[in-house]
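Chemist: Have a look at this prediction, sequence included:
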Amino acid sequence: FKNNFIHSKNLNSKKNFLYRFNHKMTVTVNRKGSKSMSKKRIKSICIYCGSRLGVSIEYAHSAKILGETIARNNLKLVYGGGNIGLMGVLAESCRKNNGRILGVMPHILTKKEQGKENISNYIITEDMHERKKVMYMNSDMIIALPGGIGTLEELFEMITWKQLGLHDKPIYLLNILGYWDNFIHSFNQIIKDGFLEKEATNYFKICESVDAIFLDLKKEGLIESYE
Ligand code: AMP
């Protein structure tokens, strides 16, 4: 792969990926949330996951399978651009299987998160906000793996934007070892307590394995086939 290093300070050279960054977001769903997901075929997947490995090897194992699966199915991986924790495992597995990858790293974290420069496209952004927006604007759907506060923040933003009707991108939680169970419990409690509409349960799907996510994407007609 030819590396594309695009420093976002250099606004004129952002044509490859950052051009979408400045596009106005359009309202695509009504505020009640949509029951069926958009039928637009998925080409790129934004993954949020931990910059740490977590205590169980199962987390890294699933990240590895997800990286392979994205590559094998000729989809593009969009992620935070780091080479540590689950992020690193995911990207390395996708790279080893000749997958296309867009890594988006804010310049303040290039050392801490070991910016993974040996991927097809690596972008350095001005700040965290720009990072998230570039990831969002360049992906068709979102998967959240286990992770820490950063993962939660990214996931919550996507769910919030969906609630506001700013997008209708499918969101999946990869519930490895029941990692998201407590979150789902809290989410349901928020609905019960009247701070969130019932339809909010349609904002994301919960799958127990990578295989389950891809089978569901196929069932929904969001990918043609899956191997
Ligand atoms: P964590 O889940 O805390 O291990 O972090 C996962 C990823 O989220 C890391 O790449 C963090 O740098 C990133 N992250 C944390 N906070 C933010 C933020 N406010 N905006 C963008 N990325 C973030």
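Modeler: Sure thing, it's come through. Numbering: from 1, shown residues only.

Chemist: residue of the chain with the smallest distance to the ligand?
Modeler: Residue of the chain nearest the ligand, by Cβ to the nearest ligand atom: residue 150 (2.3 Å). Using the backbone N, CA and C atoms, a C-beta is placed for each residue, glycine as well.

Chemist: Test my guess that that residue contacts residue 51.
Modeler: Yes - the criterion here is Cβ atoms under 8 Å, and residue 150 meets it with residue 51 at 6.5 Å.

Chemist: Which one's more surrounded, these two?
Modeler: Neighbours were counted for residue 150 and for residue 51 using other Cβ atoms under 10 Å; residue 51 has more, 21 against 18.

Chemist: quick one, what contacts the more buried one?
Modeler: 80, 82, 84, 85, 86, 87, 113, 147, 148, 150 (Cβ atoms under 8 Å, 6 or more residues apart in numbering).

Chemist: Could you give the separation between the terminal residues of stretch 173-190?
Modeler: 18 Å (Cα to Cα, to the nearest Å).

Chemist: Mind listing residues that contact that stretch?
Modeler: Counting by Cβ under 8 Å, 6+ apart, residues outside stretch 173-190 touching it are 56, 58-59, 62, 66, 143-146, 152, 155, 196, 200-201, 204-210, 213.

Chemist: now the contacts of residue 51: which count as buried?
Modeler: 80, 82, 84, 85, 86, 87, 113, 147, 150 (16 or more other Cβ atoms under 10 Å).
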